[in-house]
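Visitor: A structural model of the following input is requested.
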Amino acid sequence: MSLQVITKKILLDDGREITIETGKLAKQADGSAVVKMGNMMLLATIVSNPVAKEGVDFLPLSVDYQEKFASNGKVPGGFLKREARLSDYEILISRLVDRAMRPLFNEDFHSDTQVSITLISADKEVLPDAFAALAAAAAIAVSDIPFNGPFSEVRIVRSEGNFIINPTPAQIAVAELDLMVAASYDNVVMVEGEANEVSEDLMLEAIKLAHEAIKKQCVVLKELEAAAGKTVKREYSHETNDLDLKKKLHDLLYDKVYAVATKGNPNKNQRKVDFGQVIAEYIAALPADHTENIGLIKKYYHDIEKEAVRNMVLDTRKRLDGRALDEIRPIWSEVNYLPSAHGSAIFTRGETQSLTTCTLGTKLDEQLIDSAMFSGTNRFMLHYNFPGFSTGEVKPNRGPGRREVGHGNLALRALKKVMPKDSENPYTVRVVSDILESNGSSSMATVCAGTLALMDAGVPISGPVSGIAMGLITDKGKFAVLSDILGDEDHLGDMDFKVTGTDKGITACQMDIKVDGLSYDILSQALQQANKGRAHILNELKKTLDKPRTELKPHAPRVEVIRIPKELIGAVIGPGGKIIQEIQKTSGATVIIEEKDEMGVVSIFARDGDSLANAKRQVSAIVTLPEIGDVYEGKVKAVAAYGAFVEFLPGKDGLLHISEIKHERLDSMDGVLEVGEDIKVKLIDIDKKTGKYKLSRKVLIPKPEKNEVAGQ
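Guide: Numbers count the residues shown, from 1 in each chain. Below you'll find the predicted structure:
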């Protein structure tokens, strides 16, 4: 059997090479391709049903990215020892590809479509997430699925003053800017990333350079498509339309809908009622024997509503809730709302509200990471929850979905840039945002509430972070950039651009563009307008709390870190962990020992100061080197004919000779000391050869007068 394998190559500016291959693997899929760089290999497949399901009026697209553990020579952890549900990391990469692809399908294409991207070989110097979209783009290019591509995606970082496309992990580690950018040849469609408080101009420059690199990949993808003979795509018909009905509805209802849009009502539910009443009255007035399709009526009405709202904004420069284009909704916030949490905050902006908590944990609370590419721990977590009641809906609680994972990750990226270094913060920190109301940009509310909760908990962040979601409406050369968008403006608009940052610069961003031909001038205006909005929101946050609290809450865990010589780690742990377990039992504290930088690091976590002091005293006693002349509180461990053995420091026993107990001569040890008795002793000598300790008690007792001795 002969294979018709097609191979294309993309050369990066630094000499590295990307290879795209099709025709060898997964040939029964509509399209499949392998993308390779170094030893990293991704297999991407796409399958789309020839016929759409009846009644479906959207694109049922699913994108799954998965990393096989075998790709990196690893066995999965857990009980089953096999790949299971996608990890959050895999979900985030799946979302990056999905958000880039989805806008490039035709609006009337409704077939079930599935994209699968699998890491089949790993390379520690090549992160696969930057190539997942390229692999998907290659798979759809060699298929007959209708698609307005090609497109691709690259990572761009600014590292040590230079912009680098698809950098190595080492270059990413020291980068001040890390962006994933997706685009077609003509238009940027998606941006997501994080930064160390950079400027808007630097962000825009990075996007432009990334787009230039993507254009080169798009050219190669077009060549691949032609070589595979897939320039002609399949025909489809997934919608039934009635153009006469569409025109009739537009003529009858457009002005009524436009009038509702101009009311400027800030209440989301009332706006929904007002818009719904227009179509409800029309349907109610239809004769009993009407032949009009109710489904088409509702679909066309949605189109009318979208057109009217967009035109209203462009015509009047006002918005659905009556605000000016750059106006931020009213904000109120509060901290220390939950008395038992280590830190808590409420942030409310318009009809969006987040109740967020911050919990301080120990090293034992660190998140374990076990994936094909990464293994280790994570000490800062942020989780985002979006219950149905936040939008007045009945929705079963099935755990976090992809949207929740994505929104939480964006807020995490925004806040981790101001978190203290691990060396300056011994706590594991978990932030949880519960969205209680939602009408636009709940992820940005999470950033704001998260900032307040961290400061309320006393976490020494370098500065407060605020976030804003920007929108855009364009039509025939006119455009309007919207600050702090509503949910309706997100749905009906052309862009959702979220930007977070401190007063020094941007820390994270996420942009999804739904329109062709967005100019960099408009994008620049959106960034500058976002800057002003962020500054306004940041000032509102500072009115509530402007810096981290200097004291932890009384019920928050206290921590003390002691650095000890590496050779003393065993002494603190003890045989079989006996000593450290005893310290924890008697003090009530949690004691964790690690080896870092050729030193032992002892972290003591306790719920109160007394418990912390108790544990610290015991640890210090173990690691303290005994010095001749020091006085100790000891405990008698054993009694012999010639004296007693006293534990004067944890794990350190010394001989208290019978001659050193009293000034008076003792003929025997009978009745002098008992095992378990607490006595004060002084270290009087250390044998240089054996290291044994000699103790004295009598030197701490006043010497009796001679006549008192004689009288005995």
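Visitor: got any ranges where this protein has weak pLDDT?
Guide: 1-2, 706-712 (pLDDT under 70).
Visitor: go with 50
Guide: The model of the chain has pLDDT under 50 over residues 709-712.
Visitor: The residue lying closest to G517 once chain neighbours are set aside: neighbour count?
Guide: Once flanking residues are discounted, G517 sits nearest to N187: 6.3 Å by CB to CB, 6 or more residues apart in numbering. Using the backbone N, CA and C atoms, a C-beta is placed for each residue, glycine as well. Using other CB atoms under 10 Å, N187 has 16 other residues around it.
Visitor: what does the one 4 residues further on give?
Guide: The local packing of V191 (other CB under 10 Å) involves 26 other residues.
Visitor: dump the residue contacts of it.
Guide: Contacts for V191 (CB atoms under 8 Å, 6 or more residues apart in numbering) come out as L179, M180, V181, A182, I207, C509, Q510, M511.
Visitor: The stretch 251-400 of the chain: helices as residue ranges?
Guide: Taking DSSP state H, counting those that start in this stretch, the helices of the stretch 251-400 of the chain run over residues 268-284, 294-316.
Visitor: Go through the ones you listed and pick out the most buried.
Guide: helix 294-316 (a mean of 17; mean count of other CB atoms under 10 Å).
Visitor: Out of the contacts of V191, which comes closest to S390?
Guide: Using CB to CB, Q510 is the member of the contacts of V191 that sits closest to S390, with 19.9 Å.
Visitor: where's the closest one, which helix or strand?
Guide: Using DSSP states H and E, Q510 sits in strand 506-513.
Visitor: likewise E582?
Guide: Assigned by DSSP H and E, E582 falls in helix 578-587.
Visitor: and that helix, what does it pack onto?
Guide: helix 569-573, strand 590-596, helix 609-623 (3 or more CB pairs under 8 Å, 6 or more residues apart in numbering; DSSP states H and E).
Visitor: Looking at the ones you listed, which is nearest to L486?
Guide: Nearest of the helices and strands packed on helix 578-587 (CB to CB): strand 590-596, 46.7 Å.
Visitor: mind listing what's buried in that closest one?
Guide: Neighbour-count burial for strand 590-596 flags T590, V591, I592, I593 (criterion: 16 or more other CB atoms under 10 Å).
Visitor: any chance of those residues in JSON lines, plus distance to K578?
Guide: Listed next are the buried residues of strand 590-596 as JSON lines, based on distance: CB to CB, whole Å:
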{"residue": "T590", "distance to K578": "17"}
{"residue": "V591", "distance to K578": "13"}
{"residue": "I592", "distance to K578": "17"}
{"residue": "I593", "distance to K578": "14"}
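Visitor: which residue packs closest to G654, ignoring adjacent ones?
Guide: Once flanking residues are discounted, G654 sits nearest to Y693: 3.3 Å by CB to CB, 6+ apart.
Visitor: Who does the one you found form a beta bridge with?
Guide: G654, I686 (DSSP bridges).
Visitor: My understanding was that it contacts G651; is that so?
Guide: No - applying CB atoms under 8 Å, one finds Y693 not in contact with G651, separated by 11.8 Å.
Visitor: So those two - more neighbours on which side?
Guide: Taking other CB under 10 Å, Y693 and G651 do not tie; Y693 has more neighbours (23 against 14).
Visitor: what's the distance between P460 and P557?
Guide: Separation of P460 from P557 (CB to CB, to the nearest Å) stands at 16 Å.
Visitor: who has more neighbours, the two?
Guide: The neighbour comparison of P460 against P557 (other CB under 10 Å) goes to P557, with 22 against 15.
Visitor: ok, for that one, nearest residue in space, not its chain neighbours?
Guide: Sequence neighbours aside, F605 is the residue nearest to P557 in space, at 4.9 Å (criterion: CB to CB, 6+ apart).
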